[in-house]
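In: Can you look at this prediction? I've put the sequence above it.
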Amino acid sequence: MTVSGGGVEVTGLRETVRNLERYGAETSDLKTAFRTIGNIVVHEAQSRAPKLSGALAAGIRPSNTKNKSVIRVGSARIPYAGVQNYGWPRRNIKASNFMEGAAAAKRNQVIEALSHELDAIASRLGL
C-alpha cells in the first residue's frame with residue numbers, strides 16, 4: 001500500500017477485483033463497495049471544508065468505479081474549490097488541504113472498510 005497526494009493506493013487491488021469478477025462478482029457489487037469507502041472520506045472532507053455558504057462542502061462527492069473511488073470537489077458552480085484546497089499565494093489565500101487531511105484522517109477506516117467489503121463479496125460468492 002502506498003500513500004500519495006492525499007490518496008491511498010492498495011497494491012494488488014486490481015488483481016483482487018479481477019479475481020472476484022472471475023468468480024462471479026458483479027460490477028454493481030464492486031461499485032457499491034467503493035461507494036461505501038468513498039463516502040467515509042466524503043463525510044470527513046465535508047466537515048473539514050472551509051465554510052462560508054456551505055456550497056463547497058456540498059460539492060464534495062465520490063466518483064466510483066469497480067476498482068477505485070475518487071473523491072471530487074468543485075464544478076462550474078464551485079470553481080474556487082481548488083484554490084481553497086491548494087491555496088493561491090499571489091492572492092494571499094492559504095492552502096487548507098482539507099481534501100488531503102480528510103484522506104489521511106480516514107486512511108485506516110478506509111482500509112478496514114475495503115477489507116470488510118471485499119470479504120463480504122467473497123463470502124457471497126462462497127470463496
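Out: Looks like it came in fine.

In: quick one: contacts for residue 81?
Out: 56, 59, 73-75 (C-beta atoms under 8 Å, 6 or more residues apart in numbering). Using the backbone N, CA and C atoms, a C-beta is placed for each residue, glycine as well.

In: one more time with 10 Å, if that's ok
Out: 49, 55-56, 59-60, 72-75, 98-99 (C-beta atoms under 10 Å, 6 or more residues apart in numbering).

In: Closest to residue 124 out of the residues you listed?
Out: Closest to residue 124 out of those is residue 72 (29.2 Å), distances taken as C-beta to C-beta.

In: contacting residues around stretch 84-97?
Out: Contacts of stretch 84-97 (C-beta under 10 Å, 6+ apart): 6, 45, 48-50, 52, 56, 73-74, 78, 80, 82-83, 98-101, 103-104.

In: Now the terminal residues of that stretch, how far apart.
Out: End-to-end distance of stretch 84-97 (C-alpha to C-alpha, to the nearest Å): 8 Å.

In: pLDDT of that stretch, averaged?
Out: Regarding stretch 84-97, the rounded mean pLDDT is 96.

In: Could you check that stretch and say which residues are buried?
Out: Buried residues in stretch 84-97, counted by 16 or more other C-beta atoms under 10 Å: 84-85, 96-97.

In: do stretch 10-18 as well
Out: So, applying 16+ other C-beta under 10 Å, buried residues of stretch 10-18: 10, 17.

In: swap in stretch 34-45?
Out: 34, 36-42, 44-45.

In: now those in JSON lines, with pLDDT, distance to residue 19 and secondary structure?
Out: Below are those laid out as JSON lines (pLDDT from 0 to 100; distance: C-beta to C-beta, whole Å; DSSP: H, G, I helix; E, B strand; the rest coil):
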{"residue": "34", "pLDDT": "88", "distance to residue 19": "16", "secondary structure": "helix"}
{"residue": "36", "pLDDT": "89", "distance to residue 19": "20", "secondary structure": "helix"}
{"residue": "37", "pLDDT": "89", "distance to residue 19": "19", "secondary structure": "helix"}
{"residue": "38", "pLDDT": "93", "distance to residue 19": "22", "secondary structure": "helix"}
{"residue": "39", "pLDDT": "95", "distance to residue 19": "25", "secondary structure": "helix"}
{"residue": "40", "pLDDT": "95", "distance to residue 19": "24", "secondary structure": "helix"}
{"residue": "41", "pLDDT": "94", "distance to residue 19": "25", "secondary structure": "helix"}
{"residue": "42", "pLDDT": "96", "distance to residue 19": "28", "secondary structure": "helix"}
{"residue": "44", "pLDDT": "97", "distance to residue 19": "30", "secondary structure": "helix"}
{"residue": "45", "pLDDT": "96", "distance to residue 19": "31", "secondary structure": "helix"}
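
In: Sounds good, over and out.
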